[in-house]
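Peer 1: With the sequence up front, the predicted model follows.
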Amino acid sequence: MEIRFVERKELIPKKFVLINALPDVGLVGVIAATHLISSLKMKEIAYLDSEVFPPIIVLHEGEPKSPIRILANDSLAILISETAVPAEAIYPLANAIVNWASSKNVEYMISLGGLAVQNRQDIDSPKVFAVLTDKKLMNIVGDSAELMEEGYIVGAYALMIKKCMEIKLPAITLLAQSFFSYPDPEAAAATIKVLNKILNLNVDVSELLQRGEEIRLRAKDIMRRTQAELIKMNKAQEYDLPPLYM
Amino acid sequence: MERKKREFFEDLMNFMSSSWNEEASIMQPLYNMVLKPNEVVVTVDLPYVDLNKIEVKAVEDKLEVLAKTKEAICLSKFGLKHRSGEFNCYHIVVQIPVPVDWRRLTYRLKRGILEVHLPRL
């Protein structure tokens, strides 16, 4: 099944970093991306369309929009999904995103997500972990996030990591400790703080944190639908102990 | 077997339906349940909850949570003009699948999330 990128070619930056924000545990990426897009005043440069997506449009300020779209400024693009991605769509979607990024010669990709932890309620400052397709990318990440050395990643980001390694597209996946089942603005803020260091952004997260209750309420239904799709993908395997390294 | 089939379809219908009951001004919150060897832990996400107006009780083999919000929350707050209504209360009933000691039920609220502990029998 084809996934089309419908572009406004004149708005696509010549050289950019692509951030991916697909619905995942805690909706960390989606919440962070929404705040980044608003803070950096980004404009829509493309949207995605496919028969594997649910038949949905979303209305913003009276304008119909595809729920999966890409917004950008001069040097940064963000791919965000405002709807849960069906489990059966993640293979074609992950491949399409990586292929599109490669065709645009992106500098590198950063995917934002959550790392579900059972004791999240007792964590005041969620830590952010990095999964890298190449350890040399630690030069970019520095000490802003801890390298995730062992474990499992399940879902669209796992597929994107595999594809990026195959075509040698540098990719960083940032995962903040988060709730599995609840929107987590604090975890989203933690990933933005890491992006501020990596990309020299200076995005203020105080408003995001102040609006925490509103965000948790507004994101409730997309979280519920995302959780249903994550269960189909056996997302809980991320809790498993990693096997012996072979 | 029939009971399980009925519960499966009830869960499916609950999942597919809206979480808002505009007529009763009630919203079903997100919740999660973890079965541990010694206890069952149920958590419920309650943004905007009034800390002093949370009720947690046992109803047969189900846990019921009723929690009022600090103020009524209108759908217009979210830019919805084609629907009207508000909610001022969360309500959830959770089936507990194993025997528990309801007398030793404890709960706490942290980060706006209610955490209920039910020791297993």
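Peer 2: Structure received.
Peer 1: Which strands or helices does the one helix or strand A:Ile161 maps to pack on?
Peer 2: Assessed by DSSP states H and E, A:Ile161 sits inside helix A:156-167. Helices and strands touching helix A:156-167, by 3 or more CB pairs under 8 Å, 6 or more residues apart in numbering or on different chains; DSSP states H and E, are helix A:90-103, strand A:109-116, strand A:171-178. Where you see a C-beta, it was placed from the backbone N, CA and C, and this is true even at glycine.
Peer 1: what about the strands in chain B?
Peer 2: B:20-21, B:26-27, B:31-35, B:39-45, B:49-59, B:62-74, B:86-95, B:106-110, B:113-119 (DSSP state E).
Peer 1: Given the last one, what are its sheet partners and their directions?
Peer 2: When you say that, I think you mean strand B:113-119. As defined by DSSP bridges, the strand partners of strand B:113-119 come to strand B:39-45 (antiparallel), strand B:106-110 (antiparallel).
Peer 1: sorry, back to before: output the strands of chain B as CSV; include the columns mean pLDDT.
Peer 2: CSV is the format used below for the strands of chain B (pLDDT from 0 to 100):
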stretch, mean pLDDT
strand B:20-21, 75
strand B:26-27, 90
strand B:31-35, 94
strand B:39-45, 96
strand B:49-59, 92
strand B:62-74, 93
strand B:86-95, 93
strand B:106-110, 93
strand B:113-119, 96
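Peer 1: Mind listing what's buried along the helix holding A:Ile161?
Peer 2: A:Ala156, A:Tyr157, A:Ala158, A:Leu159, A:Met160, A:Ile161, A:Lys163, A:Cys164 (16 or more other CB atoms under 10 Å in any protein chain shown).
Peer 1: And that helix, how far out from the chain middle?
Peer 2: Offset of helix A:156-167 from its chain centre (CA atoms, centre = their mean, to the nearest Å): 13 Å.
Peer 1: Could you do stretch B:48-61 as well?
Peer 2: Counting by CA atoms, centre = their mean, stretch B:48-61 is centred 9 Å from the centre of its parent chain.
Peer 1: One more: stretch A:12-24?
Peer 2: Centroid separation between stretch A:12-24 and its chain, computed with CA atoms, centre = their mean, is 9 Å.
Peer 1: Same list, the helices and strands packed on helix A:156-167, but as a markdown table with mean pLDDT please.
Peer 2: Formatted as a markdown table, the helices and strands packed on helix A:156-167 follow (pLDDT from 0 to 100):
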| stretch | mean pLDDT |
| --- | --- |
| helix A:90-103 | 97 |
| strand A:109-116 | 96 |
| strand A:171-178 | 98 |
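Peer 1: Let me have those in TSV, extended by distance to B:Val42 and mean neighbour count.
Peer 2: As requested, the helices and strands packed on helix A:156-167 are arranged in TSV below (distance: least, CB to CB, whole Å; neighbours: other CB atoms under 10 Å in any protein chain shown):
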stretch	distance to B:Val42	mean neighbour count
helix A:90-103	30	19
strand A:109-116	17	26
strand A:171-178	19	27
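Peer 1: ok so, going back, deepest-packed of the strands of chain B, please.
Peer 2: Most buried of those by mean neighbour count (mean count of other CB atoms under 10 Å in any protein chain shown) is strand B:39-45; its value is a mean of 21.
Peer 1: What lies in contact with it?
Peer 2: If you take CB atoms under 8 Å, 6 or more residues apart in numbering or on different chains as the criterion, strand B:39-45 is touched by A:121, A:179, A:181-183, A:216, A:220, B:29-34, B:63, B:65, B:67, B:90, B:92, B:94, B:96, B:98, B:100, B:112-120.
Peer 1: before we move on, what about stretch B:93-101?
Peer 2: Residues outside stretch B:93-101 that contact it (CB under 8 Å, 6+ apart) are B:7, B:31, B:33, B:35, B:39-40, B:42, B:59, B:61-65, B:118-121.
Peer 1: and A:Trp194, which of the three is it?
Peer 2: Let me fix one detail, which is that residue A:194 is Val and not Trp. helix (DSSP: H, G, I helix; E, B strand; the rest coil).
Peer 1: again with the one 4 residues further on
Peer 2: At A:Ile198 the chain is in helix, as set by three-state DSSP.
Peer 1: What residues does it make contact with?
Peer 2: By CB under 8 Å, 6+ apart, the contact set of A:Ile198 is A:Ile110, A:Ile140, A:Val141, A:Gly142, A:Ser144, A:Ile172.
Peer 1: Could you save those as JSON lines and add columns showing distance to A:Pro54?
Peer 2: Below are these laid out as JSON lines (distance: CB to CB, whole Å):
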{"residue": "A:Ile110", "distance to A:Pro54": "26"}
{"residue": "A:Ile140", "distance to A:Pro54": "35"}
{"residue": "A:Val141", "distance to A:Pro54": "34"}
{"residue": "A:Gly142", "distance to A:Pro54": "39"}
{"residue": "A:Ser144", "distance to A:Pro54": "35"}
{"residue": "A:Ile172", "distance to A:Pro54": "29"}
